[in-house]
Structures are given as C-alpha cells and as structure tokens.
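# Quick one: sequence and predicted model below, then my questions.
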Amino acid sequence: MRGKEKAVPTENLNSVKRVSLPSAAGLASHGGRRGAGGGDGFTLLEVLIAMFIIMFGLLGIAALLPIASQDMSRAAQADRAAACGRSALAEMRVRQFCDPMGWLAVQSLGPPPAFGPVVQMVLPGLPALDARESYAIDPLYLAYNADKQGASQFPFNPDSPATPLAWPAPVNAAWTMRRITLDRAGPVAAVQQVLFDRIFTWQDDVVFGRPGEQSQRATPVFTVTPTGFAQAGKPEYLSFEGRFTWLATVCPAAAQEAIINNTPVLPMNRKQACRVSVVVFDRRSFDPPGPSGDPNEPPAERWADVVAFPGGGIGGGDVLLQANDPAWLALREGQWLMLAGLELVPSPPAPQAYYRKVYRWYRILAAGDIESNPPNPPQRQVTLAGPDWMMNWNVNGQAKAALFNGVIGVYTETIEVER
C-alpha cells in the first residue's frame, strides 16, 4: 500500500539557495593554475615580482645600516662632549682657573729661539686684564708649542703681529686673543705636558677589553703606572682613549666696565662678570702653529673673513665666509666657529674712546657649497646658531671667523672672575 506523499510548501521552494555552476571558460582558466596536489599555484612572473620586491626591501634595510651607525656615532660623540664640557666647567671652579692671579702669558720677542719670558698677567704696570680683554686658557697647546713663534695667539694668524700686552689696542691690531697658561707647573715644557695633559684631557672614555667568550662581560683595562726606580707596588690606573681635550675662553660680559691705561686700577678683589666657554675637541692636533704642509689640508687653526650677514646676526643666522684658499673654508654641520669683532667703547664712561675685542661661539647648522668666481676669493654661506651678533661690532661691515678642526662642543656660563 502506497503511503501518502507529503506536500512541500511553495514558500520553502522559493527559499532554497541557488548555486551557480562555473562555466566552461572558468573551468579552463582555473584548471591552468592547479598544482599537482590539486591546490592553486603561482606563475613564474608572480614569483619573479615577489623576489624583486623582497630584494629591494633587503637592499633598503642594508642601506639604512651605515646611516644608523653614523647617527649612533654622532649621538655618542655629542653625549661625551656634553659630559666633558660639564666636567671641565666643574674642574675650573674647583681648581680656581678663573683666578687671574694664576694666569701666565708668554711674550714672544722674535723668531725662534728668541722665546720671551713668562709674564704674570696681574701685576702693577701691566693693565692687560684691567682693559677687560679676552683670554684663551690653553696650557696644553702652549706646553707642546712653548718655543714656537706665534703660539701665544688664539687662533694662530701668520699674517698678524703678536698680540700686544699693552692696551687699549688700536683698530688695526690683531684679531686674535691672547693664549695663556697657568701657574701650576715648572718652566720645563715636558713637565707641563704631563701635568696639563692629565688635567685638560677627559678621562671618562674608558677602554674595555674584549672577553674571550661572548658570555663574559667586558672589563676595563688597567695600565701599570711608570714609577721609575720605585718598583714596589706598581700602581695601576684606568686606561682611557684620551680623544677629548678642552680649553677655555674668558671674555668680558660688559664693555662699559672696562678700565684702560692711565686710569685708576680697581681693587684686586673686585669681581667682574665674564663669559667662560669650554671648547671641547675630538682628536685635537697640537701641530706647531702655521700653515699645513698639505695644500688640500687646512691648518688646524685659521681665519676667514665674514663679508656679509644676510641673517642680520639674530641668533647667529646666515653669514657669508670668504678666504683666499678654498681649503680654509672646509666646514661641516655640527662643528663650531668663533666670530670676532671690535666694539667701540665711547668716552664717557671711558676717559678716551677705544676699541675692545668681542668674541662669540656659534654652532654650524648648515653649510652651503664653496663658490669660486675668479678673480674674487672663494666664498661659502653657513647658518649659525648662538647668541645675537651686534652689527656695530663689525669693522666696515665685516668681521672675522676663527675656524678650528675637531671642535665638537662649546659650553658657556657666566662666571664672576676676581681680579
């Protein structure tokens, strides 16, 4: 007996999903990309494109490695320069390097071997300090070049006469400031080198030895101190690279307080505000002053003319440098230079008007290309960052720029100097 057939509602038939079958063309196209295992594969062109993309990505990463390494090296250098600058400022306070009673000047009387005597700066009848001039405390350089003509000038200028000790200086006097040493050692240059190298060389760049196994930690390297005949004990000291050395420039903060010749000398205990700048060098050259033997290598200390101030001197700004030799304009971003000018001290407050030298340090933010348009001297425009430069410090609209090799940091504080 046949059972009753169950009726299917029409609305259920309408709700059934319809599945479309692939066409013959679609089957043909998919069938060409099926692998042996039945899955989809890749064409040779797709594989080559993927390899091309991966190769360029790896090359881009490899190209970034030297840039990252250079940036890390610059960051480490800037960090060490800052630490050296702060340490040097503290060293000057502790050792009382800003006390003019301990300043010594070297008077060069003529070409070698006519090396002049060492003169104490603060003495009756020697009003160089009372004229509120600027000085470079650089005993380490003088220790290496004590018998060289022109070593007492900072920076060295072969075309300029020696900086006089008598002030006020005339308008056409040397742009250089006097390089002085300290009354901390005997007259023997070798003794001064050992002593001042110990003081003016930063000793925190410690040398670490490479361990034999990677799992071991690097340990500092100690060196036995030479003690001559004293063999007992053999003391050791922590080895350091000695890359960073420093000097200091002391410049008056205000010209109105200047005291010149033929005026009453103020009491020696009076304090005066000075801008003390610690200049940090990386691998400084202590070669004798003068032009370098290599025509393509500029001297370690040199001058350039500042022929224009397109930025108006505000915050340093843009300046146009000029030199007879294009090698003397060798600069790069991150270095420092010192601008030099002359400030007219009117009368009054001075009994007679005179010019006083002005020095300011600036960091180089950008440097353009060296442009040579004969017969004009080579020129180069740079952008500086630092204190404002007053246009009345220029002579005939121009100033001087002192350039140094290896300056990586300058740290300035206003300190009261007793005289």
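In hand now; what should we look at?
# mind listing the helices for this structure?
When secondary structure is read from DSSP state H, the chain shows helices at 10-15, 24-31, 44-95, 139-144, 189-199.
# which of the ones you listed is buried the deepest?
Mean neighbour count, computed with mean count of other Cβ atoms under 10 Å, is highest for helix 139-144 among these, reaching a mean of 24. (Each C-beta comes from the backbone N, C-alpha and C, glycine too.)
# List the contacts of it.
The contact list for helix 139-144, computed with Cβ atoms under 8 Å, 6 or more residues apart in numbering, reads 106, 151-152, 179-182, 184, 189, 192-193, 196-197, 199-201, 245, 247, 286.
# so Tyr135 sits right up against Leu182, yeah?
No: contact between Tyr135 and Leu182 fails when scored by Cβ atoms under 8 Å: they sit 11.2 Å apart.
# residues near Gly308, how many?
Small correction: residue 308 is Ala, not Gly. A total of 15 residues lie near Ala308 under the criterion other Cβ atoms under 10 Å.
# And Val345, by the same measure?
Applying other Cβ under 10 Å, we find 21 residues neighbouring Val345.
# What's opposite it in the beta bridge?
Per DSSP bridges, the residues bridged to Val345 are Tyr354.
# Please tell me how far it sits from Tyr355.
In this structure, Val345 and Tyr355 are separated by 7 Å, where distance is defined by Cβ to Cβ, to the nearest Å.
# what's the answer for Ala81, then?
When Ala81 is compared with Tyr355 (using Cβ to Cβ), they lie 34 Å apart.
# Could you do Trp336 as well?
The span separating Trp336 from Tyr355 equals 25 Å under the rule Cβ to Cβ.
# unless I'm mixing things up, Asn394 is touching Ala340, no?
No: taking Cβ under 8 Å as the contact criterion, Asn394 and Ala340 are not neighbours in contact, 10.4 Å apart.
# out of these two, which sits in the busier spot?
Ranked by neighbour count (other Cβ under 10 Å), Asn394 and Ala340 place Ala340 first, with 22 against 19.
# List the contacts of the nearest residue to that one once chain neighbours are set aside.
Distances taken as Cβ to Cβ, 6 or more residues apart in numbering put Lys400 closest to Ala340, at 4.2 Å, once the chain neighbours are dropped. Listed by Cβ under 8 Å, 6+ apart, the contact set of Lys400 reads Trp175, Trp303, Ala304, Asp305, Val306, Leu339, Ala340, Gly341.
# From Ala323, how far out is Lys400?
Lys400 sits at a distance of 11 Å from Ala323 (criterion: Cβ to Cβ).
# overlap in contacts of those two?
With Cβ under 8 Å, 6+ apart as the test, Lys400 and Ala323 both reach Trp303, Ala304, Asp305.
# Which ones among those map onto strands?
Of the positions in the shared contacts of Lys400 and Ala323, Trp303, Ala304, Asp305 sit in strands, assigned by DSSP state E.
# Asn376: neighbour count?
9.
# Actually, Pro155.
Residues lying near Pro155 (other Cβ under 10 Å) number 22.
# re the thing from before, could I get the ones in strands among the shared contacts of Lys400 and Ala323 as a markdown table with neighbour count, distance to Gly409 and pLDDT?
As requested, those are exported to a markdown table (neighbours: other Cβ atoms under 10 Å; distance: Cβ to Cβ, whole Å; pLDDT from 0 to 100):
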| residue | neighbour count | distance to Gly409 | pLDDT |
| --- | --- | --- | --- |
| Trp303 | 20 | 22 | 87 |
| Ala304 | 25 | 21 | 91 |
| Asp305 | 16 | 25 | 91 |
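# Quick one: residues contacting the residue nearest to Gly312 when sequence neighbours are not counted.
By the measure of Cβ to Cβ, 6+ apart, the closest residue to Gly312 outside its immediate chain neighbours is Met391, 7.3 Å from it. Met391 makes contact with Phe309, Gly312, Gly313 under the criterion Cβ under 8 Å, 6+ apart.
# same deal with Asp318?
Phe309, Pro310, Gly311, Gln381, Val382, Thr383, Leu384.
# what about the residue nearest to Ala340, distance to Gln153?
Taking Cβ to Cβ as the criterion, Lys400 is separated from Gln153 by 13 Å.
# Could you do Ala90 as well?
Ala90 sits 28 Å away from Gln153, going by Cβ to Cβ.
# circling back: reformat the helices of the chain into JSON lines and put distance to Pro299 and mean pLDDT next to each item.
Written out in JSON lines, the entries for these read as follows (distance: least, Cβ to Cβ, whole Å; pLDDT from 0 to 100):
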{"stretch": "helix 10-15", "distance to Pro299": "95", "mean pLDDT": "50"}
{"stretch": "helix 24-31", "distance to Pro299": "76", "mean pLDDT": "49"}
{"stretch": "helix 44-95", "distance to Pro299": "22", "mean pLDDT": "85"}
{"stretch": "helix 139-144", "distance to Pro299": "13", "mean pLDDT": "86"}
{"stretch": "helix 189-199", "distance to Pro299": "22", "mean pLDDT": "75"}
